[in-house]
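Asks: Following is a predicted model, sequence given first.
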Amino acid sequence: MSITQVQLAQIFAQSCRKTILQMTANAGSGHPGGSLSSIDYLSALYTSVIAQTGEPVFISNGHISPAVYSVLAEMGWVSKKEVIDGFRKKDSKFEGHVTRQVPGIWYGTGPLGIGLSVACGVALGYKLKKNKRTVYAIIGDGEGNEGQIYEAMNFAHKFGLDNLVVAMDYNRVQLSDKTATIMPYNPVEIFKAGGWNVLEINGHNYDDIFEALDIAREKNGSPTFICAETIMGKGVDFMEAEGIQYKATWHGKAPMPEQIIHAVEQLQLSADEEKILKNFRKKIKVTPSVFKPIDFASKNSIRSGKPKVYTGDVLTDCRSAYGAALVDLATLNKEVVALTADLAGSVKTDGVQKKFPLRHIECGVAEQCMISVSAGLEIAGFVPFCSTFGVFMTSRAKDQARVNDINKTNVKMVATHCGLSVGEDGPTHQAIDDSGSVVGFFNTMQLEPADPNHCDRLVRFIASHAGNAYLRMGRHTIPVLTRDNGKPFFDARYEYYYGRTDVLRTGTSVTIVALGGCVIEAFHAWEVLKTAGISVEVVVASSIKAFDHTVFDSIKKTKKVLTVEDHNPYSGLGGMLARELLTHGISVERYEMLGVTNYQLSGTAEELYRGAGIDADTILAKVKQMV
């Protein structure tokens, strides 16, 4: 039996529609409306392109998981029975929004706007590697309300991503009402103004869809936007009737099992149609890989290089040490790329910009897009270091970092100008709660260096170890920490591991655990206390999420603890170390925390440290109270 491309896609979509109804009805929840409106485009894409090329498809509107899972089942890549029985059920990989656990899903999404930026990152990564593959993305029309869509649109145009094809399921209905009521906008005109190739099609007309896909693959220097006019609930009478009237009834509401009986009967394939799909599956040339994350914080193949040692007579800042280490890493590893958001000189990625301009990716003032693009670059085989100020990284782009954490990516977030160290810029730019933003992430390391040498080792460590990382540092210059003999404390022989703590100076009465720019303040306090005959131990922490035996052994010895940090102590070192002591059964006689407990105004770092009580004099006074 001969069959046309259109007939195959129609049969494929019909079977998918039946599955969509069955899985949402069985689950009692889900998003059938948009799944049904987008299934014709997805069926055409997968039967005509993906079945032969295996090229990546990113589902930015992750709630249309019923459509996507039904497609993957029809391709024979996952079990249809498991999809229907397990959708949205406990212990099933078929979650409510698309997830990387399912073969054929390249990146798990949910919060709207993120997936398009990830697709941009993959498309750029392919360009850099001269990989001729095309990247496909699906977005929803309500998703167009999100600012990150605008950021990604500009990014794709800037980098000439003509290997990126984005289709919008334009059913004109959002979660609670029609788009014209919720937030009217014109996606066609917006993407035209953004410099994209724009194609307007009937998203249920297969001739239109196939023609658009053919045109989109003709690369001409610009990305392609396909605006597919669709009807929510298409193909199921009682849902389509609501969709035609732009009612949001079936956006996020599952049908009752009894409601779908007649529709399922109508969508049932004939024996000949079943045979056509069976024969189609035999001709599929690709099998999707199953995502297998590398063990968190385990060694990877990146060469970390020879550590740079800053001597005691050098006065510099950690961000400069970061920039120098990053250039070294990029020189040794062609996979290393740097991204920034209009701050290359400030965050010191400009060294990579000068030496490896193609591997320095300027994202503009679009931090959310930058974090998600980084995930895409990682999927394409790169190790991305993305840098901006701490306030922007963890407040504005926290959601993007969280979704990367869920996806177990390998994105290195390096934030500078953190804490009161930023100084005169004032409280809007003083990141004093940024580390707290990543405390709850399960697949992201948190680190903070105490001086330029420490920073160099931490940068090389996160590059050469798997998993996301958030490395924060201040802006002001910090003296190199030294041993009693004047040689660098973090010397060429120093080997860092995640959570390592180090005794900078020994003592017996109090353990001062300091982090980042406050370590030198603790050291200066130690010097004065020593002359006064008060013996304290100074321990350098490197993270608020991981601690080793060194700090615990010190606290067991002294029984008194003072934490010092350029951060809110309740979501920082003070609070986290206290928790660790409790869980390890380590009792103390006294526990005090010095940190930033109020917003500060403008001033130098030194003035602000004094004002907040995280300077050497305050440490000195607090220790005297404790002993």
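Replies: Cool, got the structure. Just so it is clear, the model here is predicted, and its values are computed rather than measured.

Asks: who's in contact with Asn453?
Replies: Shown in contact with Asn453 (CB atoms under 8 Å, 6 or more residues apart in numbering): Pro307, Lys308, Val309, Tyr310, Ala321, Val480, Leu481, Pro488, Phe489, Phe490, Asp491, Tyr494. The way it works is simple: take the backbone N, C-alpha and C, and place the C-beta from them, glycine included.

Asks: try it again with 7 Å
Replies: Contact partners of Asn453, counting by CB atoms under 7 Å, 6 or more residues apart in numbering, are Val309, Tyr310, Val480, Pro488, Phe490.

Asks: Check Ser421 too.
Replies: Ser421 sits next to Gly474, Arg475, His476, Gly517, Asp566, Ala605 when contact means CB under 7 Å, 6+ apart.

Asks: what about Phe356, distance to Glu82?
Replies: 46 Å (CB to CB, to the nearest Å).

Asks: What is the burial count for Thr4?
Replies: Thr4 has 9 neighbouring residues, counting by other CB atoms under 10 Å.

Asks: hmm, back to that, scan the contacts of Ser421 and report the most crowded one.
Replies: Neighbour max across the contacts of Ser421 (other CB under 10 Å) = Asp566, 33 neighbours.

Asks: need the contact list for that residue.
Replies: Contacts of Asp566 (CB under 7 Å, 6+ apart): Gly419, Leu420, Ser421, Gly474, Gly516, Gly517, Cys518, Val596, Ile614.

Asks: all strands of the stretch 251-400 of the chain, in order?
Replies: Taking DSSP state E, counting those that start in this stretch as the criterion, the stretch 251-400 of the chain carries its strands at 315-316, 336-340, 360-362, 383-389.

Asks: can you pull the alpha-carbon coordinates of the second one into CSV?
Replies: Read it as strand 336-340. Output of strand 336-340 as CSV, limited to C-alpha atoms (Å, rounded to 0.1, in the frame of the first residue of the first chain):
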residue,chain,number,x,y,z
VAL,A,336,35.5,26.1,27.4
VAL,A,337,33.4,29.1,26.5
ALA,A,338,32.7,32.3,28.4
LEU,A,339,29.4,34.2,28.5
THR,A,340,28.5,37.5,30.0
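
Asks: Can you give the distance from that strand to the centre of its chain?
Replies: 14 Å (CA atoms, centre = their mean, to the nearest Å).

Asks: And the spatially most central residue of the chain, how close does it get to Ser298?
Replies: Nearest to the mean C-alpha position of the chain, by CA atoms, centre = their mean, lies Asn404 at 2.9 Å. As judged by CB to CB, Asn404 and Ser298 stand 18 Å apart.

Asks: again with Ser346
Replies: For Ser346, the distance to Ser298 (CB to CB) stands at 32 Å.

Asks: Just want to know which of the two has more residues nearby.
Replies: Ser346 (16 against 9).

Asks: Report the contact partners of the more buried one.
Replies: By CB under 7 Å, 6+ apart, the neighbours of Ser346 are Thr416, His417.

Asks: hang on, Gly243 packs against Thr230?
Replies: No: between Gly243 and Thr230 there is no contact under CB atoms under 7 Å: 8.4 Å.

Asks: Between these two, which contacts overlap?
Replies: Counting by CB under 7 Å, 6+ apart, the shared contacts of Gly243 and Thr230 are Ser37, Asn171.

Asks: Check which residues of the helix or strand hosting Asp208 are buried.
Replies: For Asp208, the element it lies in under DSSP states H and E is helix 206-216. For helix 206-216, burial by neighbour count (16 or more other CB atoms under 10 Å) applies to Tyr206, Asp208, Ile209, Phe210, Ala212, Leu213, Ala216.

Asks: Pick out whichever of these sits closest to His524.
Replies: Ala216 (62.7 Å; CB to CB).

Asks: Pull the contacting residues for the closest one.
Replies: Counting by CB under 7 Å, 6+ apart, Ala216 touches Val165, Thr224, Ile226.

Asks: now do 6 Å
Replies: Going by CB atoms under 6 Å, 6 or more residues apart in numbering, Ala216 touches Val165, Thr224.

Asks: wouldn't the residue nearest to the centre of the chain be in contact with Ser374 here?
Replies: No: look at Asn404 against Ser374 with CB atoms under 6 Å: they stay out of range, at 7.6 Å.

Asks: what's the overlap in contacts for the two?
Replies: Residues touching both Asn404 and Ser374 (CB under 6 Å, 6+ apart): Val411.

Asks: For the next helix or strand after the helix holding Asp208, which outside residues touch it?
Replies: Sequence order places strand 224-229 as the next helix or strand after helix 206-216, per DSSP H and E. For strand 224-229, the surrounding residues in contact (CB under 6 Å, 6+ apart) are 41, 165-168, 170, 187-188, 191, 196-203, 212, 216.

Asks: Longest helix of the chain, counting residues only.
Replies: Using DSSP state H to define each element, the chain has its longest helix at helix 5-27.

Asks: Rebuild the contacts of Ser421 as TSV, extending it with distance to Ser37, secondary structure and pLDDT.
Replies: Converted to TSV, the contacts of Ser421 look like this (distance: CB to CB, whole Å; DSSP: H, G, I helix; E, B strand; the rest coil; pLDDT from 0 to 100):
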residue	distance to Ser37	secondary structure	pLDDT
Gly474	50	coil	96
Arg475	50	coil	95
His476	54	coil	94
Gly517	54	coil	97
Asp566	51	coil	98
Ala605	55	helix	95
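
Asks: which of the residues you listed lies closest to Phe442?
Replies: Distance to Phe442 across the contacts of Ser421 (CB to CB) is lowest for Asp566, with 25.3 Å.

Asks: Please name the nearest non-neighbouring residue to Leu608.
Replies: For Leu608, ignoring the flanking residues on the chain, the nearest one in space by CB to CB, 6 or more residues apart in numbering is Leu420 at 3.9 Å.

Asks: Can you name the residues that contact that neighbour?
Replies: Listed by CB under 6 Å, 6+ apart, the contact set of Leu420 reads Gln430, Asp566, Gln600, Leu608, Ala612.

Asks: number of nearby residues for the first one?
Replies: Read it as Gln430. For Gln430, the count of nearby residues is 27 (other CB under 10 Å).

Asks: All set, thanks.
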